[in-house]
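Novice: The amino acid sequence is not available; the structure is as follows:
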């Protein structure tokens, strides 16, 4: 079902890429279903050893995919699953990777052409005794996909073409890769409910975020616990990217925020707290939301809730129809709100969201990275 968009989402390619995500999610579900038999065989072999570790890796937004899905994957497969950025795999491989245990390296990439993408695969092969590679990418022609295609120890999953965002900021590529991973590992997310929630959110998102943009925040703080820390980080990055740093985006977990990062609060801050669907964890999210309302004013606090019964002062953005879903699943439609807010703020600051850095200070595919050889002289 096509979603009608308003002025903000219809203003540029980035807006269109935000708006088409529910359709992309349905396409992703069909694509993974077609590959599920191959995936099941590959994953069974990769995780056969009970000592095996799942390492979820990517750079920037792609690394936050791993943060979002790691907890659910660990519970589903009964193996350690950890999010480790490719930037750490490449620069500090001996500390980033467990060399004495079989590794399933899950590499996320929109283009697959960032220097770290292929380097992380090559370095993992070099430092670990046994590695298998699952590549989840939006670009079948990217260097990462081509490097791993045809290898007996690798499987490449390419998302639908619509997920390969052409705008500067990753939007549908982020949620598309996250959903692909959840389905591939058998966590059985309710795609119909997720897509329906996304479509409902898109009907009201522009009006909701306009109220926040009108406050003219200079800082946006995003907080979440567990899986939701992944979208807190991604939400803050979207704000930074699309406003070219004119609004500073910060992210943390709900509890850790008090331990120093709370110093960032001032009278120009807006705080957004993602409330966990887990009843126990949710208590801590509510505690920080109430504390923030008391310190910076309830009009500057937004809670994003999937249950429909958030009892907290401030603005409540409810994600409909997801009360029974795990946090990693309902986070996907929730992400549409943060993306729309970042886009609206970008436009409010007179930016060109599809290319907020026309001078090339920051690039869609990272530039300037030198990959240094890891050899006997540099290993220790």
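Specialist: Right, received. Where do you want to start? In this text, all values refer to a predicted model and were calculated from it rather than measured experimentally.
Novice: In terms of pLDDT, where does residue 167 sit?
Specialist: Looking at residue 167, its pLDDT reads 92.
Novice: now residue 20
Specialist: Residue 20 carries a pLDDT value of 97.
Novice: do the same with residue 11
Specialist: For residue 11, pLDDT reads 88.
Novice: For it, which non-adjacent residue is spatially closest?
Specialist: Distances taken as Cβ to Cβ, 6 or more residues apart in numbering place residue 347 nearest to residue 11, at 6.2 Å, with adjacent residues excluded. All C-beta atoms are positioned from the backbone trio N, CA, C, and that covers glycine.
Novice: what's the helix or strand hosting that neighbour packed up against?
Specialist: Secondary structure assigned from DSSP states H and E places residue 347 in helix 327-348. For helix 327-348, the elements it packs on are helix 13-19, helix 21-46, helix 61-77, helix 172-184, helix 191-213, strand 219-223, helix 228-242, strand 269-274, judged by 3 or more Cβ pairs under 8 Å, 6 or more residues apart in numbering; DSSP states H and E.
Novice: now those as a markdown table including distance to residue 154 and mean neighbour count?
Specialist: Compiled in a markdown table, these are given as follows (distance: least, Cβ to Cβ, whole Å; neighbours: other Cβ atoms under 10 Å):
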| stretch | distance to residue 154 | mean neighbour count |
| --- | --- | --- |
| helix 13-19 | 28 | 24 |
| helix 21-46 | 9 | 17 |
| helix 61-77 | 17 | 23 |
| helix 172-184 | 14 | 28 |
| helix 191-213 | 26 | 19 |
| strand 219-223 | 34 | 26 |
| helix 228-242 | 25 | 27 |
| strand 269-274 | 34 | 28 |
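Novice: Show the contacting residues for residue 170.
Specialist: By Cβ atoms under 8 Å, 6 or more residues apart in numbering, the contact set of residue 170 is 60-62, 110.
Novice: again, only using 6 Å
Specialist: Applying Cβ atoms under 6 Å, 6 or more residues apart in numbering, we find residue 170 in contact with 61, 110.
Novice: Start at 36, not 1
Specialist: Happy to do that; since the first residue is 36 now, the last one works out to residue 205.
Novice: so how far is residue 152 from it?
Specialist: For residue 205, the distance to residue 152 (Cβ to Cβ, to the nearest Å) stands at 14 Å.
Novice: out of everything not next to it in sequence, what's closest to residue 357?
Specialist: In space, residue 357 comes closest to residue 365 once its chain neighbours are excluded; the distance is 3.7 Å by Cβ to Cβ, 6+ apart.
Novice: The one you found contacts residue 358, correct?
Specialist: No. Residue 365 lies out of contact with residue 358 (Cβ atoms under 6 Å); the separation is 8.4 Å.
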